[in-house]
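*Asks:* After the sequence you'll find the predicted model.
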Amino acid sequence: MAKPRSPAEDCHCRNTDCVERPLRRLFEGLGSGVAACPWPFALVPLLLSGGLGAGFLFLPQRQANDIEAQFTPTWGPAKAERDFVRRHFPINDSERFSAPRLPTEGAYAALIAVAAEGYSVLAPAARRDVLRLDKAVRARGYRSLCARSGSDCASPNPLLPLLSGAAAALEKLTFPVNDGIFLGAALGGVQTGAGGRVLSAQALKLVYYLREDGPTAAESRRWLESFQQDIPVELAALNSTSIKVTYFTSLSRQQEFEGNTKSVIPLFSITYFLTITFSVVSCLRLSCIRNNVWLACCGVISAGLAVLSSFGLMLFCGVPFVVTVANAPFLILGVGVDDMFIMIASWEQSSRKKEKSDVKSRLAETYAEAALSVTITTLTDVLAFFIGTWTAFPSVRSFCLYTGTAFVFCYLYTITFFGAIIVLNHKNEQENRHWLTCLPVGVDEDQAEKSCLYNACCIGSCSRQSSQPEGEHPMSIFFKKYYGPFFTNKWIKLLVVLLYGAYLGGSIYGCTQMKEGINLRNLASDDSYVIPYYDDDDKYFSAYGPRVMVVITESVDYWNETVNLGIENCTQNLEGISYIDKNLSESWLRVYTKLAQYGLINISNKTLFINNLPTLLKIVPSFEWDIDKTQDEIEASRFFIQTVNVTSAVDEKNLLNQLRETAKQCSVPLMVYHPAFIYYDQYLVIVQNTIQNVVIAAGAMLVVSLLLIPNPLCCLWVTFAIASVIVGVAGFMTFWYVNLDSISMINLVICIGFSVDFSAHVSYAFVTSGESSANKRAIEALSLLGYPVLQGAVSTILGIVVLAAAKAYIFRTFFKIMFLVILFGALHGLVFIPVFLTFFGNFGRSPRNTKPKKPEFRFRNDKDCP
C-alpha cells in the first residue's frame, strides 16, 4: 500500500506541483528505459531523419516567395478592390493602354536618368544622352512587345518628343502639368519660375510598358529578363558623362528577394563551426576519456537532425517554404545546444550523488531534472510559435509552423537520441577508453612521472584518475563569491533600480516612435542594382505619390441632380485630404456635367444621359475606359485623384486610412484603389496581429508556468519578465531602425518563449532557497544559475551572430531583434530579477523550505558543464 502523502506534497496555493510530480516519475521511467537499451533510441532518430529528409525533394515545388502573397495580409481589402477593378474595367494592352488605369503594377522596364551635379537633365548634352538611351532600349525589339495606345507604343515619357525638338519648346514647359499632361511622374527635382515654368530638372524617368495579355505575356517576361542581363553592358557602352542611369523592372523586386536565400547558405557552415567549437570548449575537460567532445558534437548533430526532420515533414505536408524560414536553423541550433547543456549538466551532477551509482539510476535522475525543464521551456516556445500561426501574414505562418515543428523534434531527439549517446559515452568511460581511438587507456609506473599535458592526452587526466567527478565550476564560484555579493549591496541595488527605470522609460519612448510596415526596398540585398534606383526614385520623384482610382461600385442615378451633387461632395471631401492635390483630379462626370451646363448636351434624364455619352467620349476618348456601361445601365465608373508628399510609412498609413474613412462616409457606394494599397494594407493589421499574438502567447505562458512550475510567486515573476522584455525589445528595435513588420513580428512572438527561459531559473531558485535572508537567497540563486544563464545566452547568440553579416534586411533584422531578446532576457535574469526579489523578503516562500536545500528543478539554461 502506498504511503500517504505529507501535507507539504499536496497541491495548495504555494505548492502547485500536481503536474510536475507525475511528469517527473514519467521521465524517470524513460531515463531507465534509455539506459537499459540505448541503441534503438540512438538509431531510430537517425532513420526517421533520413526518411523525413526525403521531403527536401519537394523543396523546389514548395518554395513560395511571392512578395505580395507572403508579406501582405491574406484578406487585405485592396485585394478585393483589385478584383472589382479587373471585373469592371478590363485592360487592353494592345490597343488602349493607360498606365494610371492599370489594376496592377504592369510589366515594365524603368530607367531614371539623373543629370551630372550642377546641370539640368533638360540641357542639350543630357537630352542627347537620354535620346541615345531611349534608342538603345527600342533597338532591343521593344516595338513588337510594347503596350499600345492606338497604333503607337505607349510613350516611355511624354517629354521625349520635346527632347528631340527645338529648345524653344522646352523653354515654355510648365510643371506639374504641361498642355493638359501630368508630368509629376516623368520629371523630378524640378525648379520652377513664374507660372510654373520649368527652369531646370535633375532627373527624368523612362518607363517602357510591355503587353501582358494573351500569348505575349511570356515573351514580355523573356524580354525583361534579357533587359536585366544586358542593360549594365549597354549603359557602359553609352559612356555618358552628362547623366547617370539607374534601372529597374517589374521582375526585379521578386528576383532580388528570391536571391536572398542563396546569400545566407554559406553562413550555415560558419554557424555550425562556431556552435560546435563553443560546445566543445564549454564542456571540455583535461581528460582523454571524459572530455565530452563526442557529447558536444552529438548535441549539435541532434539539433541538425531536428531541422532535417521538421523541414522534411513540413515539405511532405505541403507547407510553403518562404525565405523567412531560412532563419529557423540558426535559432534551432542555439536552442538545441541549450538542451544539450542541460542534459550534460544534470548527468554530471548525478555522478556526485553516492546513492546514484549505476547508469540506470543516474539517467533516471538526469531525466527527472533535465528532461522536465526541457519540457517546460520547449512547451512555452512551441506554444509561442503555434500561436504565431494565427496571423494574416502567410510568411509569418510558414515560419512559425516550420520552427515550432523543429522545436518539437529538437525536444524529442534530445530525450531519445542524445540520452542514448550519454549512455554509450558513459560505457566508453567506464571501460577507460580513449575518446578518439576508443582503445583502453591504462596507468603504469613508467607513466607516473610524465607531464600533466601528457597525462591528460594519453592517460586520462592530470592526476591519472580518469573517472573521478570534478568539483564546482570556477564560474559558479565567481557568481557566488563576487557577482552575487556585489549586486546585493544596497547602493548597487539602488543603482539597478535607477537603471531599470531608465530602461523602462527608454523602452516606452521607443514604442511611441515605432514605425510600421515593411519597406519594399528592404526585400533586396544591400548590393543589389535596385537600391540605387529606389534611392533616385525617393529623392527625385517622391513629391507626387500614387494616382488613386475612386470607384463608384454600384449603379446609381447619375442624372439625378441630388445624386450628382452627392458625388461632387464626396469628390471634394476626398480632395480636402491633406495628401491630395485637388488641381490634378480627373473626373469624367465633372466634364460631362460642364458640357450640360454649357448647353451642349442634355442629361436631365436616364435616356438622355446614356444616349449622349458618345459625345463625351469623342471629346475625351480615354473616359471610355472609366465607365462600365451595359445597354442601358452604368454598372460602375471611376475617376482619379492625385496624391502628394507621401514620403514615409506614416504618410502611407495615414493616406490609406483617411481615403477609406472619407469614402465610407460618402452618400454613394465608393471605393478607393491603387496597386500600392495591396502593400499599404499591412498597416491595418500589423499592430493588431502583433498585440493579439503577444497577449495570447503571454497568457498561455502563464497557464503553462502555473501548471508546471510549482510556485505561484515564481509564475508572477515570469509574467513580469515577459512583459518587461517585450516592451524593451519593441522599444529598442526602433532605435536600431527596425520597423514593426511581418518579419519583426515573428521575433516578438519568439521573445515570449525566451523570456520564460531566462526568468524562470533565478526566480524559482530564489523562492525555493532555504537561506535565512533575501540577499543570501539571491546569492545562492545566482551561484547556481548565473553561469548557466550566461552560457545559454552566449550559445544562442553564437547561433545567430553570423546573420549580422548578411546582406539582406530580413536576416539582419532577425539577428537584431534576437540579439535584443537574448540581451534583455539575460539582463533580467542576471540583474533586474535577482535585485527585485531581494525587496520581497520572505514573501511567497515555499512552506517546504524548513532547512537549507539547493533547488533541483532545472530549466533550459541550467547547463553549466562541471
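*Replies:* All right, it came through fine.
*Asks:* From now on I want contacts and neighbour counts done on CA atoms only, so please keep to that.
*Replies:* Noted.
*Asks:* Could the C-alpha coordinates of stretch 760-773 be exported in CSV?
*Replies:* What follows is stretch 760-773 as a C-alpha-only set of coordinates in CSV (Å, rounded to 0.1, in the frame of the first residue of the first chain):
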residue,chain,number,x,y,z
ALA,A,760,12.1,31.2,-14.5
HIS,A,761,15.5,29.9,-13.4
VAL,A,762,16.6,32.6,-11.0
SER,A,763,13.1,33.4,-9.6
TYR,A,764,12.4,29.7,-8.8
ALA,A,765,15.8,29.2,-7.3
PHE,A,766,15.2,32.2,-5.1
VAL,A,767,11.7,31.1,-3.8
THR,A,768,12.8,27.6,-3.1
SER,A,769,16.0,28.5,-1.3
GLY,A,770,16.4,27.7,2.4
GLU,A,771,18.7,30.6,3.2
SER,A,772,17.7,32.9,6.0
SER,A,773,17.8,36.3,4.3
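*Asks:* Which positions within that stretch qualify as buried?
*Replies:* By neighbour count on 16 or more other CA atoms under 10 Å, the buried set for stretch 760-773 is 760-771.
*Asks:* now those as a markdown table including pLDDT?
*Replies:* Shown next, in a markdown table, are the buried residues of stretch 760-773 (pLDDT from 0 to 100):
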| residue | pLDDT |
| --- | --- |
| Ala760 | 71 |
| His761 | 68 |
| Val762 | 76 |
| Ser763 | 75 |
| Tyr764 | 70 |
| Ala765 | 72 |
| Phe766 | 78 |
| Val767 | 74 |
| Thr768 | 69 |
| Ser769 | 73 |
| Gly770 | 74 |
| Glu771 | 78 |
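*Asks:* Which residue lies nearest the spatial centre of the protein?
*Replies:* Central residue of the chain (CA atoms, centre = their mean): Ile743, 1.7 Å from the mean position.
*Asks:* and the helix or strand where that one lies, what other elements does it pack with?
*Replies:* Element membership for Ile743 (DSSP states H and E) is helix 742-767. Here helix 742-767 touches helix 372-387, helix 394-413, helix 682-708, helix 712-735, helix 774-800, helix 809-827, helix 833-838, going by 3 or more CA pairs under 8 Å, 6 or more residues apart in numbering; DSSP states H and E.
*Asks:* go again using 6 Å as the cut-off
*Replies:* If contacts are counted by 3 or more CA pairs under 6 Å, 6 or more residues apart in numbering; DSSP states H and E, helix 742-767 sits against helix 372-387, helix 712-735, helix 774-800, helix 809-827.
*Asks:* which stretch among those helices comes nearest Ile691?
*Replies:* Closest approach to Ile691 among those is made by helix 712-735 (10.7 Å; CA to CA).
*Asks:* quick revisit: how far is the helix holding Ile743 from where the chain is centred?
*Replies:* 18 Å (CA atoms, centre = their mean, to the nearest Å).
*Asks:* Now do it and helix 372-387, the angle between them.
*Replies:* 150 degrees (axes from the mean of the first three to the mean of the last three CA atoms, to 10 degrees).
*Asks:* Quick check: next helix or strand after the worst-scoring helix or strand of the chain on mean pLDDT?
*Replies:* Using mean pLDDT, DSSP states H and E, helix 452-458 stands out as the lowest-scoring helix or strand of the chain, at a mean of 49. With elements assigned by DSSP H and E, the helix or strand that comes after helix 452-458 is helix 474-478.
*Asks:* avg pLDDT for whatever helix or strand comes next after that following helix?
*Replies:* Where DSSP H and E defines the elements, the next helix or strand beyond helix 474-478 is helix 484-487. If you average the pLDDT over helix 484-487, you get 89.
*Asks:* where are the low-confidence patches of the protein?
*Replies:* Within the chain, the stretches with pLDDT under 70 are 1-18, 166-168, 283-291, 352-357, 431-473, 708-711, 753, 761, 768, 840-866.
*Asks:* Name the single longest helix found in it.
*Replies:* If you go by DSSP state H, the chain has its longest helix at helix 252-283.
*Asks:* Enumerate the positions of that helix that are buried.
*Replies:* 252-254, 256-258, 260-261, 264, 267-268, 271-272, 274-276, 278-280, 282-283.
*Asks:* before we move on, the earlier item: can you check what angle separates the helix holding Ile743 from helix 682-708?
*Replies:* 20 degrees.
*Asks:* and Pro103, that one's in a strand?
*Replies:* No - counting by DSSP: H, G, I helix; E, B strand; the rest coil, Pro103 is not part of a strand but coil.
*Asks:* How about the secondary structure of Arg128?
*Replies:* Going by three-state DSSP: Arg128 is helix.
*Asks:* Tell me who's in contact with it.
*Replies:* Going by CA atoms under 6 Å, 6 or more residues apart in numbering, Arg128 touches no other residue.
*Asks:* From Ser507, how far off is it?
*Replies:* 55 Å (CA to CA, to the nearest Å).
*Asks:* Kindly report the same for Leu199.
*Replies:* 48 Å.
*Asks:* Check Ser772 too.
*Replies:* Taken as CA to CA, the span from Ser772 to Ser507 is 36 Å.
*Asks:* what's the closest non-adjacent residue to Lys172?
*Replies:* Arg197 (6.5 Å; CA to CA, 6 or more residues apart in numbering).
*Asks:* and if you look at Ser705?
*Replies:* Closest residue in space to Ser705, ignoring its immediate chain neighbours: Cys715 at 5.7 Å, by CA to CA, 6+ apart.
*Asks:* can you count the residues close to that neighbour?
*Replies:* 25 (other CA atoms under 10 Å).
*Asks:* ok, now Arg87?
*Replies:* 10.
*Asks:* same deal with Ser604?
*Replies:* 13.
*Asks:* any idea whether it is helix, strand or coil?
*Replies:* Following three-state DSSP, Ser604 is assigned to coil.
*Asks:* packing partners for the biggest strand by length in the chain?
*Replies:* Using DSSP state E, we find that the single longest strand of the chain is strand 198-210. Applying 3+ CA pairs under 6 Å, 6+ apart, we find strand 198-210 packed against strand 107-115, strand 187-192.
*Asks:* ok, and which of these has the densest surroundings?
*Replies:* strand 107-115 (a mean of 23; mean count of other CA atoms under 10 Å).
*Asks:* Packing partners of that strand?
*Replies:* Short answer (3+ CA pairs under 6 Å, 6+ apart): strand 107-115 packs on strand 198-210, strand 243-249.
*Asks:* Dump these to CSV, plus distance to Phe409 and mean neighbour count.
*Replies:* Written out in CSV, the entries for the helices and strands packed on strand 107-115 read as follows (distance: least, CA to CA, whole Å; neighbours: other CA atoms under 10 Å):
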stretch, distance to Phe409, mean neighbour count
strand 198-210, 49, 23
strand 243-249, 42, 22
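*Asks:* Export the ones you listed as a markdown table, with columns for distance to Glu624.
*Replies:* What follows is the helices and strands packed on strand 107-115, written out as a markdown table (distance: least, CA to CA, whole Å):
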| stretch | distance to Glu624 |
| --- | --- |
| strand 198-210 | 21 |
| strand 243-249 | 29 |
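*Asks:* and of those, who's closest to Gln642?
*Replies:* Taking these one by one with CA to CA, strand 198-210 is closest: 18.3 Å.
*Asks:* That closest one: how far from the chain's middle?
*Replies:* Distance of strand 198-210 from the chain centroid (CA atoms, centre = their mean) equals 35 Å.
*Asks:* Could you point out the helix or strand that follows it?
*Replies:* Sequence order places helix 216-238 as the next helix or strand after strand 198-210, per DSSP H and E.
*Asks:* List the buried residues of that following helix.
*Replies:* Neighbour count says helix 216-238 has 220-221, 223-224, 227-228, 235 buried, by 16+ other CA under 10 Å.
*Asks:* now stretch 560-575
*Replies:* Using 16+ other CA under 10 Å as the test for burial, stretch 560-575 gives 564, 566-567, 570-571, 574-575.
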